[in-house]
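return a 3D structure for these sequence lines:
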Amino acid sequence: MWDSSKVRDLMDSLYQGYPVGYLIAWKNPNVRLKDGMVSEGKKILIDGQQRITALTAAILGQYVVNSAYKRVKIKISFHPVEEKFEVQNPAILKDKTWLHDISEVINGSALRIVREYLKLNPEANEEQIERSITNLVNIPKKQIGLIELSSDLDIETVTEIFIRINSKGVVLSQADFAMSKIASNTEYGGNELRKAIDYFCHLAVAPEFYTHIVDNDREFAKTDFWGRMEWLKTENDDLYNPDYSDLIRVAFTSQFNRDRLSDLVSLLSGRNFETRTFEACIAEKSFARLKTGVNCFINETNFKRFLMIIKSAGFISPKLIRSQNALNFAYIVYLKLKELNYPETYIGRYVCRWLVYSILTGRYSGSPESAFDYDVKQISDRLFEDVMKEREEAELSDAYWNASLLQSLDTSVASSPYFLIFLVSQVKANDKGFLSKDILVRDLIIQRGDIHHLFPRDYLKKNGLERSKYNQIANYVYMQSEINIKIGNRPPKEYFGLIQSQIQNSNPQISGISTETELMENLRMNCVPTEIMETELNDYQEFLAMRRKLIAKKIREYYFTL
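Just a heads-up that it's a prediction; the model follows:
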């Protein structure tokens, strides 16, 4: 919903007779009913929704829902002498030269309004007041252009038309079209389903929104959908916060065993892909299946069990997962395997494995539709374990672990999925932070630590290394900040010499590690080669190569224990 100032500007443009842009509607196809008759398709407004909402608010005086999901009234005032619009405010309400709410004028008697205004403002020019108020009342008669797109057009064509016409070049996703399609349907409960999708995604991020829905949308609060999502009011887990696009994709893919949202729009329209006709019974069944998919998605047991599985693999924080698409398909895997009656222990194992596999191979990077579509058909038609084994043999062979992964680890990007999987493996193994006696990597990730450099950054910079050289994944480690400060900018040979001296003298200062055995175990946990204790600047590149091999080895061992 626009803010009030934009509504004011729209009213002014209409009053002045300025162009306000076209509305774009996409006609739904005509649908054949069960009795053989044909029902004419409705029109879906795909551009101009905010303008229509603004007109509803300002001219009809109706409540609208703002971006915070609050029901509000937008009141626009009009000054008939200056012929100026303004958002209603306390100062205007005290000023008799203003008409305080144009909706009351437009929907009232123009003659009565003129007379009352002149009583309060006898010095005003009667002809001018009559003319300006008449122009105001005639705003609803102003024409707005409408472009109606044929029902024969596919989503891709409609999207391209929208982008070319829309001056701002706003990109509409296929999920946007799907949501419009769902919301426009009242016969099969699409309008209620649309709210369920929207409210769930909002509650997942802001549980405090619960009371707002109860207070402001009492009709929805009586629905079965609401009963299934009430549990979110006390949920503060931010590991998986889906938006409406994520929810629609998971619900649709898991129920229909396909992923192209253009197909969903067609199915909700009643398209018979074999006869190329549109039938009401197909639309009805499609809405019912989508509703089932949404209910499975928002089900408390499903959602919490899925999160528990993901966390058990070491994904304890959203900052460890860069790919929302990988997370979405992992949930699809969970829902499909549950539908296929796999035992819970197998479901947990396979979901974790598929998630890590898809992240390591970048399977759902970029546009995921084709991969989603192919994969869901595979796991629906074959034994999951056979599909998984086939993928591993093809994409996670020895060549991947011994060569490809090593190359992927040769980067300076701390948010690299490969480095994140290494951290996940450390969480899973309950590894301790670098040189920490008691603090786990898990704790450092959640609240207490930062990524630091084994070869201190300042030390490498002062010796002339570029950013891309000193910021290397193989030089990163989770470490307590206080330990990092004590290390300072010393080269590894120097600070390890101090640590070993302190161990011998039983006087730990840099870290709490008190024995040589503890030190060696800590290096092993963090995949730090023991050679680091003798390294200086000239050894840096060789050190990076050694550590990449240890990181790759740990990731491999982690993967095959899932």
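
got the buried residues for stretch 261-276?
By 16 or more other CB atoms under 10 Å, the buried positions in stretch 261-276 come out as 261, 262, 263, 264, 265, 266, 267, 268, 269, 270, 271. Every C-beta, even on glycine, is put in place using the N, C-alpha and C of the backbone.

residues near residue 468, how many?
Per other CB atoms under 10 Å, the neighbour tally for residue 468 reads 10.

quick one: it and residue 194, what's the gap?
47 Å (CB to CB, to the nearest Å).

ditto for residue 536
On the measure of CB to CB, residue 536 and residue 194 end up 63 Å apart.

which of these two has more neighbours?
residue 194 (21 against 14).

so what's the more buried one up against?
Contacts for residue 194 (CB atoms under 8 Å, 6 or more residues apart in numbering) come out as 179, 182, 183.

what do you get for residue 233?
Counting by CB under 8 Å, 6+ apart, residue 233 touches 203, 207, 210.

swap the cut-off to 7 Å and go again
By CB atoms under 7 Å, 6 or more residues apart in numbering, residue 233 lies in contact with 207, 210.

was I right about residue 513 contacting residue 522?
Yes: if you go by CB atoms under 7 Å, residue 513 and residue 522 touch, sitting 6.2 Å apart.

quickly list what's touching both of the two.
Going by CB under 7 Å, 6+ apart, residues that sit against residue 513 and also against residue 522 are residue 435.

circling back: need the max-distance pair from the buried residues of stretch 261-276.
Pairwise distances across those (CB to CB) peak at 16.4 Å, for the pair 261 and 270.

could you point out which element follows the helix or strand encompassing residue 229?
Residue 229 is part of helix 224-229, with elements assigned from DSSP states H and E. Remark: after helix 224-229, the chain's next helix or strand is helix 244-256, criterion DSSP H and E.

that next one - what's its average pLDDT?
Helix 244-256 shows a mean pLDDT of 96.

so what secondary structure elements neighbour the helix or strand following that helix?
Sequence-wise, the next helix or strand downstream of helix 244-256 (DSSP H and E) is helix 261-268. Helix 261-268 is packed against helix 174-183, helix 244-256, helix 280-298, with contacts defined by 3 or more CB pairs under 7 Å, 6 or more residues apart in numbering; DSSP states H and E.

tabulate the CA atom coordinates of helix 261-268 in CSV.
Extracted in CSV, the C-alpha atoms of helix 261-268 (Å, rounded to 0.1, in the frame of the first residue of the first chain):
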residue,chain,number,x,y,z
LEU,A,261,4.9,-22.1,-11.1
SER,A,262,3.5,-21.3,-14.6
ASP,A,263,2.0,-24.8,-14.5
LEU,A,264,0.5,-24.0,-11.1
VAL,A,265,-1.2,-20.9,-12.5
SER,A,266,-2.5,-23.0,-15.4
LEU,A,267,-3.8,-25.7,-13.1
LEU,A,268,-5.5,-23.3,-10.8
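
looking at the helices and strands packed on helix 261-268, which is closest to residue 189?
Closest of the helices and strands packed on helix 261-268 to residue 189 is helix 280-298, at 6.8 Å (criterion: CB to CB).

what is the closest one packed up against?
strand 31-32, helix 190-205, helix 224-229, helix 244-256, helix 261-268.

contact partners for residue 395?
residue 361.

cutoff 8 Å now
Per CB under 8 Å, 6+ apart, neighbours of residue 395: 357, 361.

go on, residue 465?
Going by CB under 8 Å, 6+ apart, the list of residues near residue 465 reads residue 540.

pretty sure it is in a strand, no?
No: per DSSP: H, G, I helix; E, B strand; the rest coil, residue 465 lies outside any strand segment and is coil.

run through the stretch 301-450 of the chain and note the low-pLDDT ranges.
448-449 (pLDDT under 70).

now the helices for it?
Using DSSP state H, counting those that start in this stretch, the helices of the stretch 301-450 of the chain run over residues 324-339, 344-361, 369-381, 384-395, 398-399, 405-408, 417-428, 441-443.

if we ignore the residues flanking it in sequence, what's nearest residue 540?
residue 455 (5.8 Å; CB to CB, 6 or more residues apart in numbering).

and that neighbour, what's its pLDDT?
Reported pLDDT for residue 455: 96.

and it, what helix or strand is that in?
With DSSP H and E as the test, residue 455 turns up in no helix or strand.

who's in contact with it?
Contacts of residue 455 (CB under 8 Å, 6+ apart): 470, 475, 491, 492, 535, 540, 543.

returning to what we had before: could you dump the helices and strands packed on helix 280-298 to TSV with distance to residue 407?
As requested, the helices and strands packed on helix 280-298 are exported to TSV (distance: least, CB to CB, whole Å):
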stretch	distance to residue 407
strand 31-32	54
helix 190-205	37
helix 224-229	45
helix 244-256	31
helix 261-268	35
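
closest one to residue 462 among these?
Closest of the helices and strands packed on helix 280-298 to residue 462 is helix 190-205, at 44.1 Å (criterion: CB to CB).

closest to the centroid, which residue in this structure?
When the chain is reduced to its mean C-alpha position, the closest residue under CA atoms, centre = their mean turns out to be residue 243, at 4.2 Å.

and the gap between the residue lying closest to it once chain neighbours are set aside and residue 251?
Of all residues beyond its chain neighbours, the one nearest residue 243 is residue 201 (5.4 Å), with distances taken as CB to CB, 6+ apart. Using CB to CB, residue 201 is found at 12 Å from residue 251.

and those two? Which one has more around it.
Neighbour totals were compared for residue 201 and residue 251, and residue 251 leads with 26 against 19 (other CB under 10 Å).

where do the strands sit along the stretch 51-200 of the chain?
Using DSSP state E, counting those that start in this stretch, the strands of the stretch 51-200 of the chain run over 64-65, 71-72, 76-79, 84-87, 146-149.

tell me where the stretch 401-550 of the chain has strands.
Under DSSP E, counting those that start in this stretch, the stretch 401-550 of the chain gives strands at 449-453, 476-480.
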